[in-house]
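Undergrad: for reference, the sequence and a predicted model appear below.
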Amino acid sequence: MPLSDEAARVLELERNIGTAICGGDVAFYDRVTADDFVMTHSDRWTMGGAPLLVDDKASFRKRIENGSYVSMDFDANIRGVAPDRAWFSVWYEKVYTKRNGQWMYLSHRTVHALRTGPRAKQSTPAGATVGP
């Protein structure tokens, strides 16, 4: 089934946001990110714990400005950032909203951090299925 025009626009925005974040393009980030944006880091919250970190729009903007994000692909796998982390992958959920006719990046939260390397502590909740 072909994508609707709206779905295609959101996917294009997703790719452009990834490129902007990795490229340090804070002007683009500011233009397409909602003022009430929230990013929840780590999947600890899925098991009753507190998230590692929660960013709002301004604090995540600082991460972009200082070059914290250098590698990203759109299958939600981070590879090759550091040799000891080549085994690490993250599943996350992003939410977009349409405001004043423009799609905006509203939130991002980690829902599962798959740890399979030498220091792994699997975070999959009991009874959960790992995989597509």
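TA: Noted; the coordinates are in hand. Numbering: from 1, shown residues only.

Undergrad: how about residue 112, secondary structure?
TA: strand (DSSP: H, G, I helix; E, B strand; the rest coil).

Undergrad: what's near enough to touch residue 100?
TA: Under the criterion of CB atoms under 8 Å, 6 or more residues apart in numbering, residue 100 has no neighbours. To be clear about C-beta, it is placed using only N, CA and C from the backbone, and glycine gets the same treatment.

Undergrad: quick check: phi and psi on it?
TA: Main-chain dihedrals, residue 100, degrees, to the nearest 10: phi 50, psi 40.

Undergrad: show me what the helix or strand residue 62 falls within is packed against.
TA: Assigned by DSSP states H and E, residue 62 belongs to helix 57-65. On a contact count with 3 or more CB pairs under 8 Å, 6 or more residues apart in numbering; DSSP states H and E, helix 57-65 meets helix 26-32, strand 33-41.

Undergrad: so which bits of stretch 2-17 are buried?
TA: 13, 17 (16 or more other CB atoms under 10 Å).

Undergrad: pLDDT averaged over that stretch, what's the number?
TA: Confidence for stretch 2-17, expressed as mean pLDDT, is 91.

Undergrad: alright, I will stop here.
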